[in-house]
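A.B. asks: sequence and predicted structure are below.
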Amino acid sequence: SKFSPFWAVGLGWNIHHEKFMENTGISRLKIRGSIGTTGKASFQPYQSQTMFEYIQDGWYATGIGATLMALGNPNLKWEETRQFNVELDLSFLDNRIGINGTLYLKKTEDCFTTVQVSSVNGVPGHSYVMNGGNLENNGYSVGLSGVPVKTRDWQWNLYTYFSGNLNKVRSQTVEKYTIDSYLNGTALVDGEAVSSFYSYRFLGLNPANGVPVFNDYADRMHLLEDRELEDIVLMTMEKSGQRDPIFTGSLSTSLTYKSLSLSVNMSYSLGSKVRLFSLYEPILNGVSAEKNIRKEFVNRWMAPGDELNTNVPVILSPSDPDYFSSLVHFSSVTSSDISHIQQFANSVWDMYDKSDIRVVSGNYLKCSSLSLRYTLNTEWLRKTPFSNVQLSLNSMNLFTVSAKALKGQDPSQAGFAKPNLSVRPSYTFQLNVTF
């Protein structure tokens, strides 16, 4: 479908202008709302039209040959989003107290998705764009501002903002995902929130050798035969939460006394889950002096009985009889007995790094910035070429309050990517001069 109609309408009412609002102490009261549709066609032209390209370096008896460059989908249509917004602005006491609230309801239909197709179709990259799946996004935001103190010498300002978002996939998607998509939260599962991710169920350590044990149906593999990967994921793994927070917000305050001012900005995030950085991936090929080793290995399993006091597995030597068997999961082995089971794990070490025991809360409260500023009295500058001099001491990322289990890992650095240097505080001193 090349064409699709989209529309929108909005209405606002400045209630504070009405006569019945006189002498109420309300400085501003406005309500407004809108409803409409928007569309998106985020695909390349060749993805809707089948295209061929000539073979220029060859000539056949019947003429020039051509090969398939892209298999188009003539049934592609616009991805359509219907959205309803309502917003309220309220302030009173000469704008010393203000409230702003927004509520939105959004539904997207015919979401674009890229599916894998068989190589027999001759499609370059074995991928094909389709419309599939619906998505609901509902949320709100609230802003509060106030001036609790305002005198000739003193002024104290406060502002806070918080928002929440709830989303769900509302229909089965046609895209076929890999196991990594379920582990890192990029797979869309019907009825679950976007960014939901899954983890292997950790049962404990084998008391005989310290190797981690999981509920992976190894003792009843026949139940996994001929099942879709999503079914296997839901059977052998558990939903750990979602990468994206449900609530986010900020808190800002500034206190001014004559020429001295102090301002603080804080932010917080609630409702997300974080996977700890991989513990065994860096050492699968052996421990070397070139790579740092996590200090958690100090408390690893080393002898029978340690499994009662630790959940950190053993470090196996290549000479250990269990070493090579631990590097391969049964679902990754091609044999006549298990050939009908889709691969859902690589090794017990990879499963441990991506298990439920390595998932912690991503909630945090962060002091984003703190600034102390002093402006020199202009009377002091009369005999100087300066019209204004300002001194300031600034700090960024002063501190973060988060789950103790993170052990120094920044909650904004989830273990779905390679580790980066942790966020450290920074301090700057500034001198601003105006001539």
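C.D. replies: Happy to help now that I have it.

A.B. asks: next, M221: phi, psi?
C.D. replies: Dihedral angles of M221 (phi, psi; degrees, to the nearest 10) stand at phi -60, psi -20.

A.B. asks: state the distance from it to T236.
C.D. replies: 11 Å (Cβ to Cβ, to the nearest Å). The C-beta positions use only the backbone N, C-alpha and C, and glycine is treated the same way.

A.B. asks: compare these two (neighbour count), which wins?
C.D. replies: In terms of neighbours (other Cβ atoms under 10 Å), T236 is the more surrounded of M221 and T236; the figures are 21 against 15.

A.B. asks: ok, the residue lying closest to the more buried one once chain neighbours are set aside - how many residues close by?
C.D. replies: Of all residues not flanking T236 in the chain, D216 sits nearest, at 5.2 Å (Cβ to Cβ, 6 or more residues apart in numbering). A count of neighbours around D216, defined by other Cβ under 10 Å, yields 23.

A.B. asks: could you check how far D216 is from A403?
C.D. replies: 27 Å.

A.B. asks: and if you look at K291?
C.D. replies: K291 is 26 Å from A403, by Cβ to Cβ.

A.B. asks: looking at the two, which one has more neighbours?
C.D. replies: A403 (14 against 10).

A.B. asks: looks like M130 contacts L76 (just checking).
C.D. replies: Yes: between M130 and L76 there is a contact under Cβ atoms under 8 Å: 7.4 Å.

A.B. asks: doesn't A405 fall inside a helix?
C.D. replies: Yes: membership of A405 in a helix is supported by DSSP: H, G, I helix; E, B strand; the rest coil.

A.B. asks: which outside residues touch the longest helix along the chain?
C.D. replies: The residue-count maximum for a helix in the chain (DSSP state H) belongs to helix 229-236. With contact meaning Cβ atoms under 8 Å, 6 or more residues apart in numbering, helix 229-236 is reached by 176-179, 182, 187, 189, 198, 200-201, 214-217, 223-224, 227, 341-342, 344.

A.B. asks: for the stretch 301-435 of the chain, just list every one of the strands.
C.D. replies: Using DSSP state E, counting those that start in this stretch, the strands found in the stretch 301-435 of the chain span residues 359-361, 364-375, 388-402, 426-434.

A.B. asks: among the contacts of helix 229-236, which are in strands?
C.D. replies: The members of those that map onto strands under DSSP state E are 198, 200, 214.

A.B. asks: test my guess that the first one contacts S181.
C.D. replies: This means Y198. No: contact between Y198 and S181 fails when scored by Cβ under 8 Å: they sit 9.7 Å apart.

A.B. asks: same drill for these two, tell me which one is more crowded.
C.D. replies: Set Y198 next to S181 and count neighbours by other Cβ under 10 Å: Y198 wins out with 27 against 18.

A.B. asks: for the residue nearest to that one when sequence neighbours are not counted, grab the count of nearby residues.
C.D. replies: Distances taken as Cβ to Cβ, 6+ apart put M237 closest to Y198, at 4.3 Å, once the chain neighbours are dropped. Neighbour count for M237, taken as other Cβ under 10 Å: 25.

A.B. asks: rewinding a little: which of the residues in the longest helix of the chain are buried?
C.D. replies: 229-230, 232-233, 236 (16 or more other Cβ atoms under 10 Å).

A.B. asks: distance check, G25 against T151.
C.D. replies: From G25 across to T151, the span is 21 Å (Cβ to Cβ).

A.B. asks: burial of the residue lying closest to G185 once chain neighbours are set aside, as a residue count?
C.D. replies: By the measure of Cβ to Cβ, 6+ apart, the closest residue to G185 outside its immediate chain neighbours is F197, 3.5 Å from it. For F197, the number of neighbouring residues by other Cβ under 10 Å comes to 25.

A.B. asks: for F197, give me its contacts.
C.D. replies: Per Cβ under 8 Å, 6+ apart, neighbours of F197: 182-185, 239-243, 273, 275, 416.

A.B. asks: ok, which pair from those is furthest apart?
C.D. replies: Farthest apart among these by Cβ to Cβ are K239 and F416. That separation is 15.3 Å.

A.B. asks: show the buried residues in the contacts of helix 229-236.
C.D. replies: 177, 179, 182, 187, 189, 198, 200-201, 214, 216-217, 224, 227, 341-342, 344.

A.B. asks: partner residues bridging the residue nearest to A403 when sequence neighbours are not counted?
C.D. replies: With sequence-adjacent residues excluded and distances taken as Cβ to Cβ, 6+ apart, A403 is closest to S361, at 4.5 Å. According to DSSP bridges, the residues that bridge with S361 are K273.

A.B. asks: show the pLDDT at S361.
C.D. replies: Here the pLDDT value assigned to S361 is 93.

A.B. asks: what number of residues lie near it?
C.D. replies: By other Cβ under 10 Å, neighbour count at S361 equals 17.

A.B. asks: got a list of what the closest residue to G25 other than its chain neighbours touches?
C.D. replies: Leaving aside its sequence neighbours, G25 sits nearest to F92 (Cβ to Cβ, 6+ apart; 5.1 Å). Counting by Cβ under 8 Å, 6+ apart, F92 touches 24-28.

A.B. asks: so which residues of the stretch 251-400 of the chain form helices?
C.D. replies: 323-326, 348-353 (DSSP state H, counting those that start in this stretch).

A.B. asks: CSV for those, including distance to Y161, mean pLDDT and mean neighbour count?
C.D. replies: Converted to CSV, the helices of the stretch 251-400 of the chain look like this (distance: least, Cβ to Cβ, whole Å; pLDDT from 0 to 100; neighbours: other Cβ atoms under 10 Å):
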stretch, distance to Y161, mean pLDDT, mean neighbour count
helix 323-326, 49, 88, 14
helix 348-353, 36, 94, 22
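
A.B. asks: among those helices, which is nearest S250?
C.D. replies: Of all the helices of the stretch 251-400 of the chain, helix 348-353 comes closest under Cβ to Cβ, at 33.1 Å.

A.B. asks: only C-alpha atoms, please: export the closest one in PDB.
C.D. replies: Extracted in PDB, the C-alpha atoms of helix 348-353 (Å, rounded to 0.1, in the frame of the first residue of the first chain):
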ATOM      1  CA  VAL A 348      27.500 -24.700  31.100                       C
ATOM      2  CA  TRP A 349      29.800 -21.800  31.500                       C
ATOM      3  CA  ASP A 350      27.900 -19.600  29.100                       C
ATOM      4  CA  MET A 351      24.700 -20.700  30.900                       C
ATOM      5  CA  TYR A 352      26.100 -19.700  34.200                       C
ATOM      6  CA  ASP A 353      27.000 -16.200  32.900                       C
END
